[in-house]
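Novice: Kindly generate the corresponding structure for this input.
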Amino acid sequence: MRPLFLSCCLALAGLADGQDKPPVEASPLSLEKALTAGRPVPELREQVIRLFGRQNLLKGRPHARVEECTAAWAVMDKLPAQVIRADGTLLGQMTALGEDGLQVLVKTLPNFSDFQYQIVTNGMPRIGGNVHVEHYDDTSDSQRKAGVPQGRLDKFEWRTSRIFPETVRDVTVYIPQQYQPGSEACLMVWQDGSRHADPNGPMKATVVFDNLIHQKQMPVTIGVFIDPGRRPGQKPHDKAGNRSFEYDSLGDAYVRFLLEEILPEVQQRFQVRFRPEPAARAIAGGSSGCICAFTAAWERPDKFHKVLGWVGTFVDIRGGNAYPSLLRITERKPLRIYLLDGTNDLDNKFGSWPIANRMMEASLKYMGYDHRMDWTECFHGSKGMSPRLPEALRWLWRDVR
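Specialist: All right, here's what the predicted structure looks like:
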């Protein structure tokens with residue numbers, strides 16, 4: 001790999017300029033607009049530098065940036081550069097911004113694109129990486145609205161689990177403004193809770209709760225958003241080491257953890273009361289959190305009647321692939337089940353997520369369950385669930401007020 005002409009590039013590119021500069025909008029979409037409009041080269045250069053980072057450009061690691069369906073690539077090289085897919089398809093010739101080697105390409109791609117790329121000069125690869133495009137627009141019910149009461153969010157840390165000893169986790173509790181102290185409310189438990197409770201996160205579940213409760217399209221519902229357990233020594237933002245054990249394992253351990261530890265703590269700590277009937281209780285999650293939610297209701301349908309899950313891990317991880325068969329040989333349980341999966345979901349050594357979810361769908365239908373299965377083009381993750389969440393919650397809570 002050729003050296004990056006650092007000494008001759010610094011002054012010309014302005015990459016080492018420590019002087020304060022006015023803020024410049026830097027995103028793939030804004031850069032695309034600026035290029036299309038023929039903005040001056042100095043302005044384009046500043047956008048590229050801010051978008052990719054000075055040090056990343058100088059050290060040869062400016063990986064692709066993606067916003068919605070628009071991708072941007074940049075490189076420092078004095079030879080003309082191209083961006084090429086791993087299959088050899090030319091994505092485009094990069095545009096030089098000055099004479100010091102700074103080059104850029106911005107391209108709008110089809111939604112649900114996922115591919116490897118290389119930036120190539122003189123037939124030699126300079127930089128490689130992956131581009132992953134998956135974009136959805138928020139529904140109106142996922143956005144804050146004037147005049148809609150906002151519930152409050154409180155958080156506590158749980159360190160004293162008897163069922164999952166030596167774990168620590170955050171629990172976020174959503175209490176709608178319409179909740180009357182001393183009264184009973186519906187309950188909805190969420191796995192991987194913190195990111196789903198975040199009103200500025202991708203799911204915005206608590207914003208959807210605010211809107212649907214205000215519209216009377218779901219009942220007054222307290223949300224309990226629980227993170228998986230971190231092991232001793234893990235930091236709050238580390239990947240939770242106990243997640244697979246808690247979520248993917250079959251059996252009643254996790255639902256006992258809810259019923260014996262977390263939910264009593266929430267009621268005592270925040271002086272709230274949950275309606276006891278299972279039809280007033282729901283549980284939700286994605287991926288391993290989905291099979292966790294299903295297992296909790298499967299084990300204790302007397303406590304949880306409703307399940308909301310997406311990209312469910314009903315594959316051969318800790319035995320989850322048994323569920324399609326178990327459904328068919330077990331007397332139907334009083335459950336209402338919403339599932340969502342995508343044709344671009346995972347396919348690896350543990351199994352095919354789309355095939356596993358097709359099998360779940362077929363078994364639920366065969367056994368006459370109150371169920372709904374939505375199919376999209378989504379990849380593995382929570383992005384595909386976000387735009388469907390308001391409709392899914394309406395369906396799930398349709399007869400509870």
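
Novice: Contacts made by the host helix or strand of Arg126 with the rest, please.
Specialist: Per DSSP states H and E: Arg126 is located in strand 124-132. Strand 124-132 has contacts (Cβ atoms under 8 Å, 6 or more residues apart in numbering) with 1-2, 60-64, 66, 71, 73, 75, 77, 81, 109, 113-120, 379. Placement of C-beta: from N, CA and C, glycine included.

Novice: which residues touch Val315?
Specialist: 321, 350-353, 356.

Novice: Distance-wise, check it relative to Arg372.
Specialist: With distances taken as Cβ to Cβ, to the nearest Å, Val315 is found 21 Å from Arg372.

Novice: next one: Glu43
Specialist: Separation of Glu43 from Arg372 (Cβ to Cβ): 50 Å.

Novice: of these two, who's got more company?
Specialist: Arg372 (17 against 13; other Cβ atoms under 10 Å).

Novice: can you map out the helices along the stretch 1-150 of the chain?
Specialist: Ranges of helices in the stretch 1-150 of the chain, per DSSP state H, counting those that start in this stretch, are 6-13, 28-36, 41-52, 54-58.

Novice: Take the contacts of strand 124-132 and keep only those in strands.
Specialist: Counting by DSSP state E, the part of these found in strands is 66, 71, 73, 75, 81, 114-120.

Novice: Buried only: go through those for me.
Specialist: 66, 71, 73, 75, 81, 117-120 (16 or more other Cβ atoms under 10 Å).

Novice: which of the residues you listed sit farthest apart?
Specialist: Val66 and Val120 (19.9 Å; Cβ to Cβ).

Novice: How many neighbouring residues does the residue nearest to Asn56 when sequence neighbours are not counted have?
Specialist: Once flanking residues are discounted, Asn56 sits nearest to Pro62: 4.5 Å by Cβ to Cβ, 6 or more residues apart in numbering. Using other Cβ under 10 Å, Pro62 has 25 neighbouring residues.

Novice: correct me, but Pro62 touches Gly53?
Specialist: Yes - with contact defined as Cβ atoms under 8 Å, Pro62 reaches Gly53; the gap is 7.1 Å.

Novice: Could you single out the nearest of the buried ones among the ones in strands among the contacts of strand 124-132 to Ile337?
Specialist: Ranked by distance to Ile337 (Cβ to Cβ), these are led by Val66 at 33.3 Å.

Novice: which ones are touching that closest one?
Specialist: For Val66, the contacting residues are 28, 72, 131-133, by Cβ under 8 Å, 6+ apart.

Novice: For those, pick the one with the most neighbours.
Specialist: Using other Cβ under 10 Å as the neighbour criterion, Ala72 leads the contacts of Val66 with 25 neighbours.

Novice: show me where the stretch 251-400 of the chain has helices.
Specialist: Under DSSP H, counting those that start in this stretch, the stretch 251-400 of the chain gives helices at 253-257, 263-270, 288-299, 323-329, 353-366, 389-396.

Novice: Show me the contact partners of the last one.
Specialist: Read it as helix 389-396. Applying Cβ under 8 Å, 6+ apart, the contact partners of helix 389-396 are 139, 141-142, 203-205, 208-209, 211-212, 217-218, 282, 306, 308, 336, 338, 340, 372, 374, 385.

Novice: now swap in the fourth one and tell me
Specialist: Residues outside helix 323-329 that contact it (Cβ under 8 Å, 6+ apart): 291, 294, 298, 314, 356, 359-360, 362-364, 366-367, 369.

Novice: I'd like to know how many residues surround the residue nearest to Phe270 when sequence neighbours are not counted.
Specialist: Excluding its sequence neighbours, the residue lying closest to Phe270 (Cβ to Cβ, 6+ apart) is Val173, at 5.9 Å. Using other Cβ under 10 Å, Val173 has 23 other residues around it.

Novice: of the contacts of Val315, closest to Ile226?
Specialist: Trp353 (23.1 Å).

Novice: Now do the same contact list for the closest one.
Specialist: Taking Cβ under 8 Å, 6+ apart, we find Trp353 in contact with 311-315, 341, 345-347, 380.

Novice: from the residues you listed, which two are the most distant?
Specialist: Spatial extent of those (Cβ to Cβ) is set by the pair Gly312 and Asp347 at 14.4 Å.

Novice: With neighbour numbers in mind, choose between the two.
Specialist: A direct count of neighbours by other Cβ under 10 Å for Gly312 and Asp347 places Gly312 higher, at 27 against 13.

Novice: returning to what we had before: deepest-packed of the helices of the stretch 251-400 of the chain, please.
Specialist: Ranked by mean neighbour count under mean count of other Cβ atoms under 10 Å, the helices of the stretch 251-400 of the chain are led by helix 288-299, which reaches a mean of 26.

Novice: other SSEs contacting it?
Specialist: If contacts are counted by 3 or more Cβ pairs under 8 Å, 6 or more residues apart in numbering; DSSP states H and E, helix 288-299 sits against strand 184-191, helix 243-248, helix 253-257, strand 281-286, strand 306-310, helix 323-329, strand 336-342.

Novice: Turn the ones you listed into CSV, columns for distance to Arg152 and mean pLDDT.
Specialist: Putting the helices and strands packed on helix 288-299 into CSV (distance: least, Cβ to Cβ, whole Å; pLDDT from 0 to 100) gives the following:
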stretch, distance to Arg152, mean pLDDT
strand 184-191, 13, 98
helix 243-248, 27, 98
helix 253-257, 25, 98
strand 281-286, 20, 98
strand 306-310, 22, 98
helix 323-329, 37, 98
strand 336-342, 27, 98
